[in-house]
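> Have a look at this fold, sequence not included:
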């Protein structure tokens, strides 16, 4: 059983660059998370790899919608939030579906923002 999934934001849409994304992905992969890349995966692969996942981690954005129908009942959405864009469109969804919602606000960086891997792991410890 996978611990959860991380969905990459990718390069399309509004620019939200998680500058240390490779480090975040490595941190999550080491604890059993599956990395989902909607830019290179087809719908069938995304659906099969996200099915019944207990927790979804992703940068705030539309790519999160890939998991809305496949997340486990009572699952958790953990959003990595850029510090200059505070939008929570999925909070209402999780409330309606009796799911949990959490977020980490990153710190500004030269190319976008960064999220501390240790803060991510501490937050996941609280959620799992």
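Yes, it's here. Just so it is clear, the structure is predicted and the values come from calculations on it, not from any experiment.
> Just the strands from this protein, written as ranges.
4-7, 33-36, 53-59, 71-81, 100-105, 107-108, 113-114 (DSSP state E).
> Any buried residues in the third one, and which?
Buried residues in strand 53-59, defined by neighbour count with 16 or more other C-beta atoms under 10 Å: 53, 54, 55, 56, 57, 58, 59. Yep, even glycine has a C-beta here, placed from its N, CA and C like the rest.
> Export those residues as TSV, with columns for distance to residue 71 and pLDDT.
Listed next are those as TSV, based on distance: C-beta to C-beta, whole Å; pLDDT from 0 to 100:
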residue	distance to residue 71	pLDDT
53	6	94
54	8	95
55	8	96
56	6	96
57	12	97
58	11	96
59	17	93
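> now residue 3: how far from residue 34?
Going from residue 3 to residue 34 by C-beta to C-beta, to the nearest Å gives 8 Å.
> actually residue 73, sorry about that
Distance, residue 73 to residue 34, by C-beta to C-beta: 19 Å.
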